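K.L.:
Build me a structure from this.
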Amino acid sequence: MLTSSYKNNLAEIKNALRSDKSFDLVERDLYIGGRNAAMFFVDGFLKDDIAEKILEYFYKNLKEENFSSPEHFSRSAVPYVEVEVSPDLKKICTDVLSGISALIVEGFDKAILLDTRTYPQRETGEPDNDKVLRGSHDGFVETLILNTALIRRRIRDTDLTVQAFKIGSRSQTDVAVLYMESKVDKKFLKELTKRLNSIKTPSLTMNQQSLIEALYKRVWYNPFPKVKHTERPDTAASAVLEGNIVILVDNAPSALLMPTSIFDVLEEADDYYFSPVVGTYLKLSRYFITILSVFITPLWLLALQNPQLCPDFFKFILLDEVQNVPVFWQLILMEIGIDGLRLAALNTPNSLTTPLSIIGAIALSEFAVESGWVCMEAILYMALVTVANYTQPNYELGYSLKFCRVLLLVLTYIFNIWGFVAAFVINLLLLCFNRTLSGKSYLYPLIPFNAGEFLRKIVRVRSR
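P.N.:
Residues are numbered from 1 along each chain as shown. Prediction:
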């Protein structure tokens with residue numbers, strides 16, 4: 001805690017911040033109104049023009065009556081809107097490291113905290129993963145306060161609540177929880193707040209993922225996503241208006257939507273930017289293609305292993321020639337190869353992306369067939385699977401479906417029909433026993449069944 005001794009306060013703050021060890025932690029010694037003062041701030045977080053005007057006012061206008069108390073000084077002598085007074089040394093240091101300027105004045109036992117910060121940020125633009133044909137083309141950035149403003153711009157209602165938390169004993173990461181007071185599930189909100197306050201971790205090293213793992217520690221082996229990520233402010237605002245909770249984490253250009261079911265994850269903004277008929281078609285097409293991406297290769301493998309069970313009108317999918325490499329291993333090698341190409345594309349400079357894509361396409365098609373490693377049919381079905389994965393924007397769900405497909409392939413290859421049935425049951429159980437953060441069913445409103453809500457998830461109804 002600070003005292004009325006200016007020298008002690010100055011030494012305490014300098015020692016706590018270790019400002020003499022870090023060149024970007026700046027101490028600006030001042031002499032205002034006939035008293036010694038000092039301002040601490042982080043170079044790079046300070047709005048220089050605002051700070052310059054505040055100091056100019058201090059030098060020209062301060063009088064002795066302004067110094068009766070820190071509270072009176074903040075009200076009568078500080079020409080700025082975001083001002084706070086605090087004697088807590090830990091809070092002062094945390095705020096300074098967050099970008100707030102701390103002013104200590106001779107004779108005061110509290111510091112004046114000026115929120116004159118600004119963060120380096122990129123321009124707000126349309127996110128690469130959540131593009132739409134219609135609708136707004138703005139997206140979240142890495143600055144928390146700007147992300148909350150993008151949602152506030154869409155919901156001009158006093159019912160919208162933005163609750164702030166600091167997570168991480170060292171990182172002190174800012175986290176915001178947004179919800180509509182009259183619509184939110186109060187029980188879930190209370191449980192979420194309790195979990196956020198009880199998180200014991202030095203820092204959110206991997207940002208949102210670290211927060212999710214701290215909130216949801218159980219059933220780590222279930223691959224299906226527990227929350228929905230979105231980089232679109234309109235999607236986040238829509239979720240808030242429907243009674244869901246949105247979590248924003250500083251330095252993360254996306255929002256977390258919860259509670260989340262499998263139907264929520266499969267939705268995207270384009271479903272609602274078109275008429276109900278078109279939106280319904282897009283929804284149903286995405287559901288069908290998603291299911292097809294899981295079963296197309298396992299069913300083909302099952303047909304190859306049991307040609308006598310294949311209907312006559314599907315006989316054309318059977319292979320006439322003996323393969324050098326079993327079809328199962330062809331599919332597994334291509335599953336791994338496609339992931340390899342994805343990773344290579346992420347780490348390839350833009351100028352080399354096109355040549356790499358051409359080389360990868362040739363290597364996985366013509367050359368692979370001619371060398372005898374794979375057959376054309378296997379390439380066709382894996383190409384369909386790969387394209388189908390991009391019909392929904394959630395990468396985490398895409399890999400969850402991939403694990404389900406690989407499980408089907410493995411058990412079908414080993415145990416034939418019974419293996420296919422067993423893998424299908426296991427995948428179904430993973431869906432059924434998965435729980436959202438609120439503890440509700442991951443398949444709601446299908447399980448437990450709610451006819452009205454299920455219709456709204458399947459069919460694009462008129463906006464209310």
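
K.L.:
Would you map the strands across the stretch 1-150 of the chain?
P.N.:
Along the stretch 1-150 of the chain, counting by DSSP state E, counting those that start in this stretch, strands occupy 25-32, 35-42, 83-86, 101-105, 111-114.

K.L.:
Kindly reformat the ones you listed as a markdown table containing distance to E65.
P.N.:
From N, CA and C alone the C-beta is placed, and that goes for glycine too. Putting the strands of the stretch 1-150 of the chain into a markdown table (distance: least, Cβ to Cβ, whole Å) gives the following:
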| stretch | distance to E65 |
| --- | --- |
| strand 25-32 | 14 |
| strand 35-42 | 13 |
| strand 83-86 | 18 |
| strand 101-105 | 14 |
| strand 111-114 | 17 |
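
K.L.:
Figure out which of the ones you listed is closest to S19.
P.N.:
strand 25-32 (4.1 Å; Cβ to Cβ).

K.L.:
Point out the one among the strands of the stretch 1-150 of the chain that comes closest to L455.
P.N.:
strand 83-86 (49.7 Å).

K.L.:
and that closest one, which strands flank it?
P.N.:
Strands adjacent to strand 83-86 in the sheet, as given by DSSP bridges, are strand 111-114 (antiparallel).

K.L.:
What lies in contact with the strand it pairs with?
P.N.:
2, 9, 13, 54, 70, 73-74, 78, 80, 82-87, 92, 95, 100-105 (Cβ atoms under 8 Å, 6 or more residues apart in numbering).

K.L.:
7 Å - rerun?
P.N.:
2, 54, 70, 73-74, 78, 80, 83-86, 92, 95, 100-104 (Cβ atoms under 7 Å, 6 or more residues apart in numbering).

K.L.:
May I see the buried residues of the longest helix along the chain?
P.N.:
If you go by DSSP state H, the chain has its longest helix at helix 395-433. Across helix 395-433, burial judged by 16 or more other Cβ atoms under 10 Å covers 396-398, 400-402, 404-409, 411-413, 419-420, 422-424, 427, 430-431.

K.L.:
Span of stretch 235-255 from start to end?
P.N.:
Stretch 235-255 has an end-to-end distance of 9 Å (Cα to Cα, to the nearest Å).

K.L.:
Off-centre distance for that stretch?
P.N.:
9 Å (Cα atoms, centre = their mean, to the nearest Å).

K.L.:
S171 is in contact with T205, isn't it?
P.N.:
No - with contact defined as Cβ atoms under 7 Å, S171 does not count as touching T205 (8.0 Å).

K.L.:
Those two - which one has more neighbours?
P.N.:
Neighbours per residue, other Cβ atoms under 10 Å: of S171 and T205, the larger number sits with S171, 18 against 11.

K.L.:
Roughly how far does that one sit from S210?
P.N.:
As for S171, its distance to S210 is 9 Å (criterion: Cβ to Cβ, to the nearest Å).

K.L.:
Could you tell me which residues touch both of the two?
P.N.:
Common neighbours of S171 and S210 (Cβ under 7 Å, 6+ apart) are L204.

K.L.:
Give the closest residue to S182 in space, chain neighbours not counted.
P.N.:
The shortest distance from S182 to any non-neighbouring residue, by Cβ to Cβ, 6 or more residues apart in numbering, is to D159 (5.4 Å).

K.L.:
Surely the one you found touches Y179?
P.N.:
No - look at D159 against Y179 with Cβ under 7 Å: they stay out of range, at 9.2 Å.

K.L.:
Show me which of these two is the more surrounded one.
P.N.:
Using other Cβ under 10 Å as the criterion, D159 and Y179 rank with Y179 on top: 24 against 13.

K.L.:
which residues in the stretch 151-300 of the chain form strands?
P.N.:
Under DSSP E, counting those that start in this stretch, the stretch 151-300 of the chain gives strands at 160-167, 173-180, 228-230, 245-249, 255-258.

K.L.:
what does the second one contact?
P.N.:
Residues from elsewhere that reach strand 173-180, judged by Cβ under 7 Å, 6+ apart: 144, 148, 151, 159-167, 189, 196, 203-204, 211, 240-241, 243, 245-250.

K.L.:
Could you list the low-pLDDT ranges of the protein?
P.N.:
218-220, 351-367, 462-464 (pLDDT under 70).

K.L.:
Can you tell me which of the contacts of strand 173-180 are buried?
P.N.:
144, 148, 151, 160, 165, 167, 189, 196, 204, 211, 240, 245-250.

K.L.:
can you list the domain ranges for this protein.
P.N.:
If you go by automatic domain parsing, the domain ranges for the chain are 6-114, 144-260, 272-433.

K.L.:
How about the contacts made by L133?
P.N.:
With the criterion set at Cβ under 7 Å, 6+ apart, L133 makes contact with D270, Y273.

K.L.:
Just want to check the distance between it and G398.
P.N.:
Distance from L133 to G398, by Cβ to Cβ: 21 Å.

K.L.:
repeat for M382
P.N.:
M382 is 14 Å from G398, by Cβ to Cβ.

K.L.:
close enough to count as contact, V294 and L401?
P.N.:
Yes - here V294 reaches L401: they are 5.3 Å apart, a contact under Cβ under 7 Å.

K.L.:
Which one of the strands of the stretch 151-300 of the chain lies nearest to I338?
P.N.:
Using Cβ to Cβ, the nearest of the strands of the stretch 151-300 of the chain to I338 is strand 228-230, at 22.1 Å.

K.L.:
and F263, how many neighbours does it have?
P.N.:
F263, neighbours per other Cβ under 10 Å, totals 19.

K.L.:
Helix or strand for L333, just tell me which one.
P.N.:
helix 327-346 (DSSP states H and E).

K.L.:
next one: that helix to chain centre, how far?
P.N.:
Centre to centre, stretch against its chain (Cα atoms, centre = their mean), the figure for helix 327-346 is 26 Å.

K.L.:
Now do the buried residues in it.
P.N.:
V327, F328, Q330, L331, I332, L333, M334, E335, G337, I338, L341.

K.L.:
Mind putting those residues into a markdown table with distance to Y31?
P.N.:
Formatted as a markdown table, those follow (distance: Cβ to Cβ, whole Å):
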| residue | distance to Y31 |
| --- | --- |
| V327 | 83 |
| F328 | 80 |
| Q330 | 79 |
| L331 | 76 |
| I332 | 74 |
| L333 | 74 |
| M334 | 73 |
| E335 | 70 |
| G337 | 69 |
| I338 | 67 |
| L341 | 64 |
